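Chemist: Starting from these lines, generate the structure:
(one chain, ligands or ions: 1)
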Amino acid sequence: MKYCPRCASELVLRPEGGRDRLSCSAESCTFVHFGDFSIGVGGVVVRNGRVLLIRRGHEPGRGWWQLPGGYAEHDEAIAEAVERECLEEAGVPAKVVEVLGFRHSVGGPGSIGGPSTNMYVVFRLEPDTSVEPACDQDEITGAEYWDPDELQAHERVQNLTKWAVTWAQAGSKGFSPSMRGADPTRPPWALFHV
Ligand SMILES: [Zn+2]
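Modeler: Next comes the predicted model:
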């Protein structure tokens, strides 16, 4: 990274928050490169005791089953991101109920979360139970409600999916969405808490 993504001025190393960081050389600009971060979302969607899984059609992990999910866009609220992914990948409209847990993985070669330092937030959602799962047969080659015991025993179900289903079955309450920024002139924000 050589140039500022906000104003295209040159970046220089400068002490910021306890270590030298690439910072914008323009006086009018406050950009500091704190690192490479991403946010993933996944949804545990349960209907009549069965859990919605999708099968990956592309690498990495082609042929493996997992929770519907993906990356939250930079300008997207995470609860909306997971609802969008459930609809896009599995054809199921679903609404966020709570956060069941999250995985934080430090980025780098071999990182399980990918090259960026990643926070993967797992939600529980309530589906529209009248809608049958459907997928595009390209990026996603399967979308089905699974018996929880079967998915725990299956070789080609991701570990994070297995853990998340266990959390959902434990029945304890997770973080609930409470406040949301409602000012249409500002980007969205949201609070989740116990
Ligand atoms: Zn700048």
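Chemist: Around the ion, pick out the residues from this structure.
Modeler: Within the chain, the positions lying close to the ion (C-beta under 5 Å from the ion) are 4, 6, 7, 9, 24, 26, 29, 31. The C-beta positions use only the backbone N, C-alpha and C, and glycine is treated the same way.
Chemist: got the contact list for the third one?
Modeler: Taking C-beta atoms under 8 Å, 6 or more residues apart in numbering as the contact definition, residue 7 lies against 24, 26, 28, 29, 31.
Chemist: Check the secondary structure at the nearest residue to the fourth one once chain neighbours are set aside for me.
Modeler: Think residue 29. Nearest residue to residue 29, sequence neighbours excluded (C-beta to C-beta, 6 or more residues apart in numbering): residue 7, at 4.7 Å. The three-state label given to residue 7 by DSSP: H, G, I helix; E, B strand; the rest coil is coil.
Chemist: beta partners for the residue nearest the centre of the chain?
Modeler: Nearest to the mean C-alpha position of the chain, by C-alpha atoms, centre = their mean, lies residue 41 at 1.6 Å. Here residue 41 sits in beta bridges with residue 70, residue 121, going by DSSP bridges.
Chemist: From the ion, how far off is it?
Modeler: 30 Å (C-beta to the ion, to the nearest Å).
Chemist: That residue is in contact with residue 82, isn't it?
Modeler: Yes - if you go by C-beta atoms under 8 Å, residue 41 and residue 82 touch, sitting 4.0 Å apart.
Chemist: residues shared between the contacts of these two?
Modeler: Common contacts of residue 41 and residue 82 (C-beta under 8 Å, 6+ apart): 69, 72, 121, 123.
Chemist: measure the second one to residue 45 for me?
Modeler: Counting by C-beta to C-beta, to the nearest Å, the gap between residue 72 and residue 45 amounts to 17 Å.
Chemist: same check, this time on the first one
Modeler: If you measure residue 69 against residue 45 using C-beta to C-beta, the figure is 10 Å.
Chemist: helices or strands next to the helix or strand of the chain with the lowest mean pLDDT in the packing?
Modeler: Every helix and strand of the chain was ranked by mean pLDDT, DSSP states H and E. The lowest is strand 176-180, at a mean of 92. Applying 3 or more C-beta pairs under 8 Å, 6 or more residues apart in numbering; DSSP states H and E, one finds that strand 176-180 makes contact with strand 94-105, strand 190-193.
Chemist: which residues make contact with it from outside it?
Modeler: Residues contacting strand 176-180 (C-beta under 8 Å, 6+ apart): 77, 79, 96-99, 188-194.
Chemist: Confidence-wise, which of these comes last?
Modeler: Taken together, the contacts of strand 176-180 show their lowest pLDDT at residue 188, with 88.
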